[in-house]
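Enquirer: The following comprises the amino acid sequence and a computationally predicted model.
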Amino acid sequence: MSRTRFVEDLTPGDRISVNGIRAVVRTPATRTDTDQLLLELVNSSDDRSEILLDADVQVEIL
């Protein structure tokens with residue numbers, strides 16, 4: 001059974017998997033002008049440093 005968490009509830013250091021990307025959270029999610037959440041990443045499987053997600057998205061905790 002996998003553990004999931006809403007994007008708003010992620011904390012720095014959480015290891016996550018979302019949309020086929022594995023990553024480590026750098027900072028808590030911040031809301032953008034378009035009502036999406038910006039999540040900054042320390043490390044990711046595709047070398048991105050941030051990702052935009054909808055507020056109701058659940059991500060898998062690794």
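Expert: Good, I have the coordinates.

Enquirer: Which elements pack onto the strand ranked longest in the chain?
Expert: Counting by DSSP state E, the longest strand found in the chain is strand 36-44. The contact analysis (3 or more Cβ pairs under 8 Å, 6 or more residues apart in numbering; DSSP states H and E) places strand 36-44 against strand 21-25, strand 30-31, strand 50-54. Any C-beta I mention is one placed from the backbone N, CA and C, and that applies to glycine too.

Enquirer: Listing partners with orientation, what would you give for the second one?
Expert: Taking DSSP bridges as the criterion, strand 30-31 pairs within the sheet with strand 36-44 (antiparallel).

Enquirer: Who are the contact partners of the residue nearest the centre of the chain?
Expert: Nearest to the mean C-alpha position of the chain, counting by Cα atoms, centre = their mean, stands Leu39 at 5.2 Å. By Cβ atoms under 8 Å, 6 or more residues apart in numbering, the contact set of Leu39 is Val7, Leu10, Val25, Thr27, Ala29, Glu50, Ile51, Leu52, Leu53.

Enquirer: Can you give me every residue that contacts Ile51?
Expert: For Ile51, the contact set (Cβ under 8 Å, 6+ apart) comprises Val18, Ile21, Ala23, Leu38, Leu39, Leu41, Ser44.

Enquirer: Now with 7 Å, please.
Expert: Ile51 sits next to Leu39, Leu41 when contact means Cβ atoms under 7 Å, 6 or more residues apart in numbering.

Enquirer: Val42 now?
Expert: Residues near Val42 by Cβ under 7 Å, 6+ apart: Val24, Arg26.

Enquirer: how about 10 Å then?
Expert: By Cβ atoms under 10 Å, 6 or more residues apart in numbering, the residues touching Val42 are Pro12, Gly13, Arg15, Ala23, Val24, Val25, Arg26, Thr27, Ser49.

Enquirer: Noted, bye for now.
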